[in-house]
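Engineer: Provided below for reference: sequence and predicted model.
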Amino acid sequence: MDNAPIILWFRRDLRLSDHAALTKAVQTGRPVIPVFIRDTSVDMLGAAAKLRMGLAVSHFVGELEKRGSRLILRSGDALMVLRQLIAETGAKGVYWSRLYDPDSKQRDTHVKSALKSEGIAAESFAGHLLFEPWTVENKTGGFYKVFTPLWKTVRTRDVAAPLLAPKLITPPLDWPQSDQISEWQMNRPMQRGAAILATHCVVGEHAANERLHRFIEDKVQGYKTNRDFPALDGTSGLSENLTYGEISPAQCWHAGWRALHDGKAEAEVFLKELVWREFAYHLAHHTPELLTRNWRQEWDSFPWNTDENDAVMAWKQGRTGVPFVDAAMRQMYVTGVMHNRGRMIVASYLTKHLLTHWKVGLDWFADCLIDWDPCSNAMGWQWAAGSGPDAAPYFRIFNPETQLEKFDGAHNYAKHWIAEGQTNPPASATAYFDMVPRKWGISANDGYPEMMISLKAGRDRALAAYEAR
């Protein structure tokens, strides 16, 4: 028992530093068997997210090998795989980092209960969030439904200093068999777009920390303004790495506070963005329906379209005739990410101007984003649609034309992603047509489409539907 191995179940925590479960396992002095399981939560990922997860796992395999360890890859139901590994290795403990979306919580609760009943030490650890959702309460002991009061509550809370990566991870005497990541074909759903999308991914713990360092040094002072301009490289880009746990939120938090103390006042805006992510998980923990149905039940009667009609397809293809919308949709398809200002614009356009249900957009984003996060994606869509948490006392409808003039006056963002109408379009714009399914039958030589519906008519129709709900 004293030398029985510990199975360390990695999921969205593919790093060595600031990893509480790994640190605890190493501190026991017992052999540690890292494992990644391709269960239904992995198989059900959208095409872009699955490709990115495959890259993350493949990279992490190499990082563990540098420490004299391995990452055992197995496929199947998580509990069944863990039981099999326990039988093969004689392990007496299973550790993992907590996840907080409803499906992961249900799976992990089941696994923990079953393993404990079988005499296995099953332990879960924090690390995916700054604050455990159940520890953040308002003055009446309830949860927060509005962001600003939550921010004020957690702003001055202590966050433990990030843990150092272990120098050595004790291996077992014999390693269990492992799948090969190439066998999983994680890039297959992206089809011909896989190679292009992969070039836009920034993979691994080292790259994530370099990204954070460059942001703090060069961009955090100016972030408050520059983050709104999609043609500028004004954001951190860390949502991608936070999604796969290649960097921890605590590492970002402490870097932000150091910058703030060094006189970079706009670092506070970055800290708020980290807490905005916390807010999504806070709501998902207390109201898991956020991910599947209207958070505000009064929106259940809103006459949203749920069909895959021509307008929805044009939105997905970035061919609505509205440059800001189309540029953002194409950026997402090519790179797997979308500028936050673009996310608000395309979501407002789909749910308001096209009167289409936010779940249609949520599902498309889940298929196309490499930084897809179940809680942030759901909260973002419901915020934009009006059915979710939003302190605004009015029906918000963004105007894509005025937004483009305000935040991309020279149309650099639109030109970067829309090839039609340009004599010599940039490679970024033509890459879109090298990636999309051939069955779409679209080409860079096509004319740019006319607007499907005038922005005024779409706005008026949305306001009428809102008033009649």
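Structural biologist: Looks like it came in fine.

Engineer: Give the burial count for the residue nearest to Trp372 when sequence neighbours are not counted, as a bare number.
Structural biologist: Distance criterion Cβ to Cβ, 6 or more residues apart in numbering; nearest residue to Trp372, sequence neighbours excluded, is Ala49 at 4.5 Å. Backbone N, C-alpha and C define where each C-beta goes, glycine included. Neighbour count for Ala49, taken as other Cβ atoms under 10 Å: 25.

Engineer: Could you check how far Ala49 is from Asp408?
Structural biologist: 27 Å (Cβ to Cβ, to the nearest Å).

Engineer: just Phe229 next, same as before
Structural biologist: 7 Å.

Engineer: the strands in the protein, which residues?
Structural biologist: 6-10, 32-38, 72-75, 93-97, 121-125 (DSSP state E).

Engineer: So, low pLDDT: which residues of the stretch 301-450 of the chain?
Structural biologist: Within the stretch 301-450 of the chain, the segments meeting pLDDT under 70 span 391, 393-394.

Engineer: repeat that with 90
Structural biologist: Low-confidence segments of the stretch 301-450 of the chain (pLDDT under 90): 308, 389-397.

Engineer: With the stretch 151-300 of the chain instead?
Structural biologist: 298.

Engineer: Gln422 contacts Ala429, correct?
Structural biologist: Yes - between Gln422 and Ala429 there is a contact under Cβ atoms under 8 Å: 7.0 Å.

Engineer: Which one's more surrounded, the two?
Structural biologist: Ala429 (21 against 13).

Engineer: which residues sit in contact with that one?
Structural biologist: By Cβ atoms under 8 Å, 6 or more residues apart in numbering, the contact list for Ala429 reads 330, 415-419, 422, 444.

Engineer: what do you get if the cut-off is 7 Å, keeping everything else the same?
Structural biologist: Listed by Cβ atoms under 7 Å, 6 or more residues apart in numbering, the contact set of Ala429 reads 416-419.

Engineer: Repeat that for Gly318.
Structural biologist: So Gly318 contacts 326, 329-330 (Cβ under 7 Å, 6+ apart).

Engineer: Tell me how many other residues crowd the closest residue in space to Gly386 that isn't next to it in sequence.
Structural biologist: For Gly386, ignoring the flanking residues on the chain, the nearest one in space by Cβ to Cβ, 6+ apart is Phe395 at 6.0 Å. Around Phe395 sit 13 other residues, with neighbours defined as other Cβ under 10 Å.

Engineer: try Thr140
Structural biologist: Neighbour tally, Thr140, other Cβ under 10 Å: 6.

Engineer: again with Glu401
Structural biologist: Neighbours of Glu401 using other Cβ under 10 Å come to 13.

Engineer: again with Leu355
Structural biologist: Leu355 has 17 nearby residues by other Cβ under 10 Å.

Engineer: give me the beta-bridge partners of the residue nearest to it when sequence neighbours are not counted?
Structural biologist: Counting by Cβ to Cβ, 6+ apart, Leu355 lies nearest to Asn305, which is 5.6 Å off, once chain neighbours are set aside. Following DSSP bridges, Asn305 is listed with bridge partners Thr356.

Engineer: What separation is there between the residue lying closest to Phe143 once chain neighbours are set aside and Trp295?
Structural biologist: Spatially, and ignoring its direct neighbours in sequence, Phe143 is nearest to His286 (4.2 Å; Cβ to Cβ, 6+ apart). As defined by Cβ to Cβ, His286 lies at a distance of 11 Å from Trp295.

Engineer: neighbour count winner among these two?
Structural biologist: Set side by side, His286 and Trp295 show more neighbours around Trp295, with 20 against 15, by other Cβ under 10 Å.

Engineer: which one of the contacts of Ala429 sits closest to Trp299?
Structural biologist: Using Cβ to Cβ, Trp417 is the member of the contacts of Ala429 that lies nearest Trp299, at 31.7 Å.

Engineer: List the residues that contact Val275.
Structural biologist: 150-151, 154.

Engineer: top of those residues by neighbour count?
Structural biologist: Leu150 (22 neighbours).

Engineer: in the sheet, who's paired with Phe125?
Structural biologist: Ser97.

Engineer: how far does stretch 339-349 sit from the chain's center?
Structural biologist: Offset of stretch 339-349 from its chain centre (Cα atoms, centre = their mean, to the nearest Å): 16 Å.

Engineer: Next step: the contacts of Ala429 restricted to helices.
Structural biologist: 416-417 (DSSP state H).

Engineer: Between the contacts of Ala429, which sits nearest Ile33?
Structural biologist: Checking those one by one against Ile33 (Cβ to Cβ), the nearest turns out to be Trp417, at 45.0 Å.

Engineer: Is the closest one in contact with Ala427, as I believe?
Structural biologist: No - at 11.1 Å, Trp417 and Ala427 do not qualify as touching, with contact defined as Cβ atoms under 7 Å.

Engineer: okay, the two: which has more neighbours?
Structural biologist: Trp417 (27 against 11).

Engineer: Grab the nearest non-local neighbour of Ala284.
Structural biologist: Cys375 (4.1 Å).

Engineer: burial of the one you found, as a residue count?
Structural biologist: Cys375, neighbours per other Cβ under 10 Å, totals 25.
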